[in-house]
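Fold the following and give me the result.
(one chain, ligands or ions: 1)
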Amino acid sequence: MEKIKCNKCGKENIVKGNLQHSGSVLFVPQDQKGLYVKKASGIIAHACKDCGCVFDLTLENPEKI
Ligand SMILES: [Zn+2]
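Next comes the predicted model:
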């Protein structure tokens with residue numbers, strides 16, 4: 001498995017997850033307006049269990065944007 005280091009403290013005690021808010025937090029492009037968003041992607045993030053830094057925010061489906 002790839003070694004990911006914390007952006008803040010440099011340690012490797014990293015967990016991967018999704019940003020959620022009673023469902024998922026989505027990245028929606030600025031040109032998408034209205035109730036029916038056609039383009040959106042979930043966001044994957046890494047978090048450091050040592051210092052609590054959340055980093056490496058990455059679109060789950062960049063091809064949908
Ligand atoms: Zn850290």
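
Let me know whether A45 touches E60 as I believe.
No. Taking contacts as CB atoms under 8 Å, A45 lies outside contact range of E60: 10.2 Å. For the C-beta atoms, the positions are set from N, CA and C on the backbone; glycine is no exception.

Now do the contacts for the nearest residue to N13 once chain neighbours are set aside.
Residue nearest to N13 in three dimensions, not counting chain neighbours: K49, with 4.4 Å by CB to CB, 6 or more residues apart in numbering. For K49, the contacting residues are 13-15, by CB atoms under 8 Å, 6 or more residues apart in numbering.

How about I65?
27, 29, 39-41, 59.

One more pass at 7 Å, please.
Listed by CB atoms under 7 Å, 6 or more residues apart in numbering, the contact partners of I65 are 29, 39, 41, 59.

what's the neighbour count on the last one?
Right, the one you point to is L59. For L59, the count of nearby residues is 15 (other CB atoms under 10 Å).
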